[in-house]
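Undergrad: give me a 3D structure for the following:
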Amino acid sequence: MRRGAKVFGIGLSKTGTTSLDRALEILGFQSVHYPDASAMLAGRFGVLDACEAACDISVSAFFAELDRAFPGSLFVLTTRDMDAWLGSMRRHYSRRRPEHAGKPEQQIFELVYGAELFDEALFRGAHERHSRAVREHFAGRPGSLLECDICAGEQWGPLCEFLGLPEPDAPFPHLNQSASAGASAPGTEPTRTTRPIQRSPRMKPGASRVTLGAIQIPAGHGYRLLDEQRRLQWLENYAEKAASRGCDILLAPRFALHAPESTDQHESIDGPIVDRFRRIARSHRIIFCPHIIERAQDGLFDTTIIIDASGEIAGAHRSTIPEFDAPGASEMAAGSECEVIETEAGRLGVLSGLELWLPENAQALSSRGCDIILHPHLNDPRGESAWRTLVRARAIDTGCAIVAALGASSWLHGTSMIVDRFGAVNAQATDLDQLILAEVDLGRTPRNTQPTGALCTTRADANEPLHPILERFRSNRPGAELAPSVTLESKPQPAPAGVPA
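TA: Presented below is the predicted three-dimensional model:
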């Protein structure tokens, strides 16, 4: 392929686009499923510069423009039996969703299909027109277009031959299929087929190297339009991707399941949503760390759960600074402290959202032997440069690796990152919707158990305000009392060799 060229999946919805996206990931492409709709509508195709492949109708609607914008690219038209496709579209698009009205995603949907809701005649015509337009556009260029029917069970052969790549050992990922193709009852969600994940054996307790993963979700675009079950499926698809690449610990962003203003949508630790998260961790043999708005007897909490690879809950962290700027979030209570949670892959601590701003929190985790700090967040308000600097500084100060998982969009700051204990950025998301992975050395032999830098000189006066953000938090939350931060006594640092003490 020519430099700068890409692979584009240009099939319509419900023709195997999720499976194609996953297959391209397995083959080594950095693939994006449903690129930002507003950018694509505006012709800002530069949003695809950082990826190597992209799929779904925000791509297929603009296949001719993308062919001109990225010369030498390869195009995959996923097809499907017409009757089965119409049945699937009827099940998914027969109910009006007012929250979608006017959104860029809905505009693309209507551009492609000619209607807001399922209409058999219109959808059949749209399918036929799209297939005909694609074939006419690539007529005389057989090396640029592949047609494949993934939903009929097509395997690796045609795709790998088209891309000039060897077939991988992993089974072809037939995802989001109904239990009996085309036979699901109206109104039911399709169930995903499962397959065994071929992975290296789980790392042993005390191992020095661990593979960390972070999910970045597209806050503010199509993801926010998905219902709860679709969001759960999205997260599970990412867990499967991560597990197939040997990930040991996977972190989801804050509010990946519910928006911060959705305080009426809350879960209990022993409820069905967390049970689903536990099944995800157990089936993929991965330490999975999702976020929920937790309803407990003593209040509503901003909670990150750590689920071990056997599906058991290893621990949970309730944020000491909930998302207080969001509408309705004044109902949220503050957690009490930052604890270290033992897992088979290391000692984990959580600093959620604005908790990372406070060095005392990082100091507490470091003093308790934390190896990895998990930082689920929505976005950072201070800008990209400040965000990167803060995350790297916390890693250097504590000697801990940091995994940061965020929501992202063109109007929010910060991207998901994995930073090692020396502050080096080992992986950073470059797209709104992305999984990042990095192997880090925890340096346990020997491990630096003393905090460094600013954390060595932090004041130990727990009665003095620690940071202006706490004052803002207290003023916005009348009567809210925060537990005192765990602080350490300042210790003098030895002078370097040759320098008088």
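Undergrad: helices along the stretch 251-400 of the chain, start to end?
TA: Using DSSP state H, counting those that start in this stretch, the helices of the stretch 251-400 of the chain run over 272-284, 359-367, 384-398.
Undergrad: let's have those in JSON lines, adding mean pLDDT and distance to residue 345.
TA: C-beta: built from backbone N, CA, C; applies to glycine. JSON lines is the format used below for the helices of the stretch 251-400 of the chain (pLDDT from 0 to 100; distance: least, C-beta to C-beta, whole Å):
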{"stretch": "helix 272-284", "mean pLDDT": "89", "distance to residue 345": "12"}
{"stretch": "helix 359-367", "mean pLDDT": "85", "distance to residue 345": "16"}
{"stretch": "helix 384-398", "mean pLDDT": "86", "distance to residue 345": "17"}
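Undergrad: output the ones you listed as JSON lines; include the columns mean neighbour count.
TA: Shown next, in JSON lines, are these (neighbours: other C-beta atoms under 10 Å):
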{"stretch": "helix 272-284", "mean neighbour count": "18"}
{"stretch": "helix 359-367", "mean neighbour count": "24"}
{"stretch": "helix 384-398", "mean neighbour count": "19"}
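Undergrad: distance to residue 163 added to those, as CSV?
TA: Putting the helices of the stretch 251-400 of the chain into CSV (distance: least, C-beta to C-beta, whole Å) gives the following:
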stretch, distance to residue 163
helix 272-284, 26
helix 359-367, 45
helix 384-398, 34
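Undergrad: looking at the ones you listed, which is nearest to residue 155?
TA: helix 272-284 (22.3 Å; C-beta to C-beta).
Undergrad: quick one: buried residues of stretch 238-245?
TA: 238, 239, 240, 241, 242, 243, 244 (16 or more other C-beta atoms under 10 Å).
Undergrad: show me where pLDDT drops low in the stretch 1-150 of the chain?
TA: Residues of the stretch 1-150 of the chain meeting the criterion pLDDT under 70: 1-4, 96-100.
Undergrad: hang on, isn't residue 440 packed against residue 212?
TA: Yes. If you go by C-beta atoms under 8 Å, residue 440 and residue 212 touch, sitting 6.0 Å apart.
Undergrad: need the overlap of contacts for these two.
TA: 401, 418 (C-beta atoms under 8 Å, 6 or more residues apart in numbering).
Undergrad: who has more neighbours, these two?
TA: residue 212 (28 against 25; other C-beta atoms under 10 Å).
Undergrad: just say helix, strand or coil for that one.
TA: strand (DSSP: H, G, I helix; E, B strand; the rest coil).
Undergrad: helix or strand for the most centrally placed residue in the chain, which one?
TA: Central residue of the chain (C-alpha atoms, centre = their mean): residue 215, 2.3 Å from the mean position. Residue 215 belongs to strand 209-216 when assigned by DSSP states H and E.
Undergrad: okay, now the nearest residue to residue 130 once chain neighbours are set aside: neighbour count?
TA: Nearest residue to residue 130 in three dimensions, chain neighbours excluded: residue 12, at 6.0 Å (C-beta to C-beta, 6 or more residues apart in numbering). Residue 12 has 23 neighbours, counted by other C-beta under 10 Å.
Undergrad: and residue 309, by the same measure?
TA: 21.
Undergrad: likewise for residue 314?
TA: Neighbours of residue 314 using other C-beta under 10 Å come to 18.
Undergrad: next up, the contacts around it.
TA: Contacts of residue 314 by C-beta under 8 Å, 6+ apart are 287, 306, 307, 308, 341, 342, 343, 348.
Undergrad: rebuild the buried residues of stretch 238-245 as JSON lines, extending it with pLDDT.
TA: Output for those, formatted as JSON lines (pLDDT from 0 to 100):
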{"residue": "238", "pLDDT": "88"}
{"residue": "239", "pLDDT": "90"}
{"residue": "240", "pLDDT": "89"}
{"residue": "241", "pLDDT": "88"}
{"residue": "242", "pLDDT": "90"}
{"residue": "243", "pLDDT": "89"}
{"residue": "244", "pLDDT": "87"}
